[in-house]
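Participant: Sequence first, then the predicted structure:
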Protein chains: 2
Amino acid sequence: MANLLNPERSSSALNRLPQLRIGLLGFGTVGEGTYRMLEDNLASIRRKTGADLSVVRIGIRDEKKSRRAPRELFTADNMGIVIDPSIDLVVEAIGGIDPALSLVEAALDHGKSVVTANKEMMAKHGARLLEKARAKQIDLHFEAAVGGGIPIVQVLKHQLAGNDVPMMMGILNGTSNYILTAMSQEGRPFDEVLAEAQLKGYAEADPTNDVEGFDTMYKISILASIVYGGPVPLESVHREGITGVDAIDFEYADVLGYTIKLLGVAEELADGSVRVRVHPAFVPKAHSLASVNDVFNAVWFHGDFVGDLMFSGRGAGGDPTASAVVGDVIDVARNFAAKGTGSALPFDPPRAAAGMDDLVSRIYVRLDVLDKPNTLGRISTAFGDHNVGLAAMEMRTTDANHGEIAFLTHPVREAQFVAALEAVEQLDVVYGVGNWIRAIEVTK
Amino acid sequence: MANLLNPERSSSALNRLPQLRIGLLGFGTVGEGTYRMLEDNLASIRRKTGADLSVVRIGIRDEKKSRRAPRELFTADNMGIVIDPSIDLVVEAIGGIDPALSLVEAALDHGKSVVTANKEMMAKHGARLLEKARAKQIDLHFEAAVGGGIPIVQVLKHQLAGNDVPMMMGILNGTSNYILTAMSQEGRPFDEVLAEAQLKGYAEADPTNDVEGFDTMYKISILASIVYGGPVPLESVHREGITGVDAIDFEYADVLGYTIKLLGVAEELADGSVRVRVHPAFVPKAHSLASVNDVFNAVWFHGDFVGDLMFSGRGAGGDPTASAVVGDVIDVARNFAAKGTGSALPFDPPRAAAGMDDLVSRIYVRLDVLDKPNTLGRISTAFGDHNVGLAAMEMRTTDANHGEIAFLTHPVREAQFVAALEAVEQLDVVYGVGNWIRAIEVTK
């Protein structure tokens, strides 16, 4: 602001600032938001970085479309940008693997720092890319890959890095959270809410990536790789989406004191192994995550020294994501102005991955049953025979012969619960398992 | 962890790590927590920094007290630590101005990076200290000065630095929030809750610093100085504490859809001036800050690109504050290992300070009145004559002749409200003003 109002001071100061020339790949909502933020807030960004930043090229697929930036910046030759020796920093806002990965690799190979918003690329190839950046002593930042504008990636690398982290978890996918919030608050079925979300532009035509938990898996894996200091192979992550959550599950959740959220959870076990999982979860209403609604995201973090922290904000959208990209650009620019080396950390090999069998949690289970007097007794006995304790129960008659019973177990080892459930399913009074969902606890 | 389990790898790696020798000043809850965290989590901190950190001296007042660290580390010669050429980094955990300020100045003068948890020192002398650090190209970090373990200082400098910030605010004092929460939830008077908080160790024997808003003033001023790029003179900050908040105010707040919190608020006006204020505020129940209770702190941030964010966690206590100190130490260590220069930013001169007269907000006001039929009409008319619109009203009879009326105004310029209130006070049906409290809005 001050510089704009005082051109004399501005120009003399600018003469002394090192130039940072940025090549921007992609001009969708994130790319366009990034460009606009760097333009709109340029004076204060210059002051905060001590560098004169400018976007000098923008790589797109189709050069002919009209765009909100000067026409001469655009090119369809993306590879030309990443190998251009006059460009210092490449901002990748294309997304997905192809062609983003090969462009980012080429940029790093040509010694350019990279800022990316690409969660899929970082989750699948982050370890290799970070090693490349480290070897070249250049920066590779990816704050925007997780949580949109919520600062979490860099916070885990820096301010919270002194903590050992027994557990962290997050509501990391805005589309799923929008759908679950509407189902919870309006009692509507999944399909109907999904269709509405697609109409409003909150869900894509093919919603698989969001509602089947892939997006959340990428994000929690990236966070876990930072916190636990090694890559998280995606095949070690347990992943379930929200398509199986029924409107009736929200009613039982409510009566039992819970709501339902799609969570990404990462936890370190006593033996040093790490478990990363994505699934719908019963979240106690008293937990901070329970009130994170609509398209908002949140990360809940428990560190051995800092205790419980929560960060919440808009997890998607061009402008919030641009905020994260520009935050990274600012760090690269400062480092550039200070002639520092890159800040990538060494990764250890992956930690041993803990499976789901030994996970201990309360579990909600909903059964379709024959509505007869001895049904409850026989089911309870079957659970009891497998040492699964029942903490709460709700039931209702659905028609003349059918009933529904919902249980919340005491904390139970998952393999034990699954074995018990198999036995329960064999009972002639049980038609089938409607659903079962793990719960999380409120920590103190 | 991996290094501890693999001594061979650990020792060979350590041989190559640069040594970072730390002098710790103060061994109260924060100093002791910092020492313990660096010891407990040393292996992972070494891996994350690429440096071999160790606390080599601890400065205290009384060398003879028994302490939870090896006796040979302690010295009462604090100045000896800060001028010791073998020490690279000074961590200041004494607090207050004297002797902390002169020790920190001496450390910077001797070219040592400094990490401090000292909000009063940074609020009063931060600009000068940061300029000293910048001139010497060394680090001066102060994450722990605001919000305990909540990462906010560095987040404002880095990840959110690209945003223009129309407004940010926070619940920044755990003691006040504990007192207000108990008053709200239990309907108890201020004095009683304060006495209980003192017994529990949540409030000091002399609670002035907390309940009169000094602590919050230091913290919001520090945050504002980062966001708005210049020092905030404390004499420009409007400060009110919570001693005037009555139990009955919580009852009216509740009926009107609010709760009451002590807030620090910083906002930028259209003319580039900055208003920083500390006062109890009516917070709508739908606002994220309304549910931040007990000793928890939270910072709510609105950026032009990122939108609304909130960060919450434990704002005080040895271990959470140590987490912030160690986060800063890790950054200094990385910078040290990378042989980088310091990261202090230049401050502009202070922005023009906006006063309270032009603040536009809804205002809650409680009046003691003569309980007569025409009282409400006369008061409403007096407010109306001064163009103060009334949005809601509650009233009750307190004894035979006395009544109480509480109003919530429409948004009003503060000078206009104050003039209206003076006129209302002159009415013979008004005994006096019980209290008045500004409200904040829920932004979209």
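Facilitator: Thanks, I have the structure now. Residues are numbered from 1 along each chain as shown, chains lettered A, B, ... in the order given.
Participant: Is the host helix or strand of residue A:22 positioned near chain B?
Facilitator: Element membership for residue A:22, per DSSP states H and E: strand A:19-25. No: Strand A:19-25 lies apart from chain B when judged by CB under 8 Å from any CB of the partner chain; the minimum separation is 13.0 Å. Using the backbone N, CA and C atoms, a C-beta is placed for each residue, glycine as well.
Participant: Contact partners for the closest residue to residue A:401 other than its chain neighbours?
Facilitator: Distances taken as CB to CB, 6 or more residues apart in numbering or on different chains put residue A:371 closest to residue A:401, at 5.8 Å, once the chain neighbours are dropped. Residue A:371 makes contacts with A:397-398, A:400-403, as judged by CB atoms under 8 Å, 6 or more residues apart in numbering or on different chains.
Participant: Those in strands, which ones?
Facilitator: Among the contacts of residue A:371, the residues falling in strands (DSSP state E) are A:397, A:402-403.
Participant: Low-confidence stretches in the stretch 51-200 of chain A?
Facilitator: Low-confidence regions of the stretch 51-200 of chain A, defined by pLDDT under 70, span residues A:66.
Participant: Kindly report the residues of it close to chain B.
Facilitator: On the criterion CB under 8 Å from any CB, chain B has as its neighbours in the stretch 51-200 of chain A the residues A:143, A:149-151, A:154-155, A:157-164.
Participant: Closest to residue B:358 out of those residues?
Facilitator: Taking CB to CB as the measure, residue B:358 lies nearest residue A:149 of those, at 30.3 Å.
Participant: Name the SS class of that closest one, please.
Facilitator: Classification of residue A:149 using DSSP: H, G, I helix; E, B strand; the rest coil returns coil.
Participant: Need phi/psi at the residue nearest to residue A:358 when sequence neighbours are not counted.
Facilitator: With CB to CB, 6+ apart as the measure, residue A:413 is the residue that lies nearest to residue A:358, at 6.2 Å, once sequence neighbours are left out. Backbone dihedrals for residue A:413, given as degrees, to the nearest 10, come out at phi -70, psi 140.
Participant: got a pLDDT number for residue A:423?
Facilitator: At residue A:423 the predicted local distance difference test score is 97.
Participant: Show me the residues of the stretch 51-200 of chain A next to chain B that map onto helices.
Facilitator: Among these, the residues falling in helices (DSSP state H) are A:154-155, A:157.
Participant: and chain A, what are its domains?
Facilitator: The record, using automatic domain parsing to delimit domains, assigns chain A the ranges A:2-148+A:319-337, A:159-310, A:360-439.
Participant: max-length helix in chain A?
Facilitator: Per DSSP H, chain A has its longest helix at helix A:318-337.
Participant: Next, count neighbours for the residue nearest to residue A:358.
Facilitator: Each residue near residue A:413 was counted by other CB atoms under 10 Å in any protein chain shown, and the total is 15.
Participant: coming back round to it: which strands and helices lie in contact with whatever helix or strand comes next after the longest helix of chain A?
Facilitator: Of the helices and strands lying after helix A:318-337 in sequence (DSSP H and E), the nearest is strand A:360-361. Using 3 or more CB pairs under 8 Å, 6 or more residues apart in numbering or on different chains; DSSP states H and E as the contact criterion, the secondary-structure elements in contact with strand A:360-361 are strand A:412-413.
Participant: Tell me which two of the residues of the stretch 51-200 of chain A next to chain B sit farthest apart.
Facilitator: Farthest-apart pair in those is A:149 and A:164; separation 27.4 Å (CB to CB).
Participant: Tell me which of the two has more neighbours.
Facilitator: The neighbour comparison of residue A:149 against residue A:164 (other CB under 10 Å) goes to residue A:149, with 32 against 17.
Participant: excluding its backbone neighbours, what's nearest the more buried one?
Facilitator: Counting by CB to CB, 6+ apart, residue A:320 is the residue found nearest to residue A:149 once chain neighbours are left out, at 3.1 Å.
Participant: Pull up the gap between that neighbour and residue A:198, please.
Facilitator: In this structure, residue A:320 lies at 21 Å from residue A:198, with CB to CB, to the nearest Å as the measure.
Participant: Name the residue in these two with the higher neighbour count.
Facilitator: Remark: of residue A:320 and residue A:198, residue A:320 carries more neighbours, 27 against 15, as counted by other CB under 10 Å.
Participant: which ones are touching the more buried one?
Facilitator: Counting by CB under 8 Å, 6+ apart, residue A:320 makes contact with A:148-150, A:313-314, B:305-307.
Participant: could these go into JSON lines alongside distance to residue A:266?
Facilitator: Converted to JSON lines, those look like this (distance: CB to CB, whole Å):
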{"residue": "A:148", "distance to residue A:266": "19"}
{"residue": "A:149", "distance to residue A:266": "21"}
{"residue": "A:150", "distance to residue A:266": "16"}
{"residue": "A:313", "distance to residue A:266": "20"}
{"residue": "A:314", "distance to residue A:266": "22"}
{"residue": "B:305", "distance to residue A:266": "28"}
{"residue": "B:306", "distance to residue A:266": "24"}
{"residue": "B:307", "distance to residue A:266": "26"}
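Participant: Check those against residue B:436 and report the nearest one.
Facilitator: When these are ranked by distance to residue B:436 (CB to CB), residue B:307 comes first, at 31.2 Å.
Participant: Make a markdown table from the domains of chain A and add distance to residue B:283 to it.
Facilitator: Converted to a markdown table, the domains of chain A look like this (distance: least, CB to CB, whole Å):
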| stretch | distance to residue B:283 |
| --- | --- |
| domain A:2-148+A:319-337 | 24 |
| domain A:159-310 | 15 |
| domain A:360-439 | 31 |
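Participant: Tell me which of those domains sits nearest to residue B:73.
Facilitator: Closest among those, once you apply CB to CB, is domain A:159-310, at 19.5 Å.
Participant: Do me a favour and get the end-to-end distance for the closest one?
Facilitator: Its start and end residues considered, domain A:159-310 measures 14 Å (CA to CA, to the nearest Å).
Participant: Kindly report the same for stretch A:394-406.
Facilitator: First-to-last residue span, stretch A:394-406, CA to CA: 5 Å.
Participant: ok, now stretch A:272-292?
Facilitator: With CA to CA applied, stretch A:272-292 spans 31 Å between its terminal residues.
Participant: from the chain's centre, how far out does it sit?
Facilitator: Put simply, stretch A:272-292 sits 13 Å off its chain's centre (CA atoms, centre = their mean, to the nearest Å).
Participant: cool, stretch A:242-259 as well?
Facilitator: Mean-position distance between stretch A:242-259 and its chain equals 22 Å (CA atoms, centre = their mean).
Participant: Buried ones in it, by neighbour count?
Facilitator: Residues of stretch A:242-259 classed as buried under the neighbour-count rule (16 or more other CB atoms under 10 Å in any protein chain shown) are A:242-243, A:245, A:248-250, A:252-253, A:256, A:258-259.
Participant: between the residues you listed, which is closest to chain B?
Facilitator: residue A:259 (14.8 Å; CB to the nearest CB).
Participant: gap between the closest one and residue A:292?
Facilitator: 10 Å.
Participant: Mind listing the shared neighbours of those two?
Facilitator: In the contact map built from CB under 8 Å, 6+ apart, no residue is linked to both residue A:259 and residue A:292.
Participant: centre of the chain versus stretch A:251-269, how much separation?
Facilitator: Using CA atoms, centre = their mean, the distance between the centre of stretch A:251-269 and that of its chain works out at 16 Å.
Participant: now the end-to-end length of that stretch.
Facilitator: Distance across stretch A:251-269, first residue to last, is 33 Å (CA to CA).
Participant: now stretch A:349-363
Facilitator: 33 Å.
Participant: With stretch A:236-244 instead?
Facilitator: End-to-end distance for stretch A:236-244: 22 Å, by CA to CA.
Participant: Quick check: mean pLDDT of that stretch?
Facilitator: Summarised as a single mean, pLDDT over stretch A:236-244 is 98.
Participant: ok, now stretch A:366-385?
Facilitator: Per-residue pLDDT values over stretch A:366-385 give a mean of 94.
Participant: And for stretch A:201-211?
Facilitator: Across stretch A:201-211, the average pLDDT comes to 94.
Participant: Alright, that wraps it up for me.
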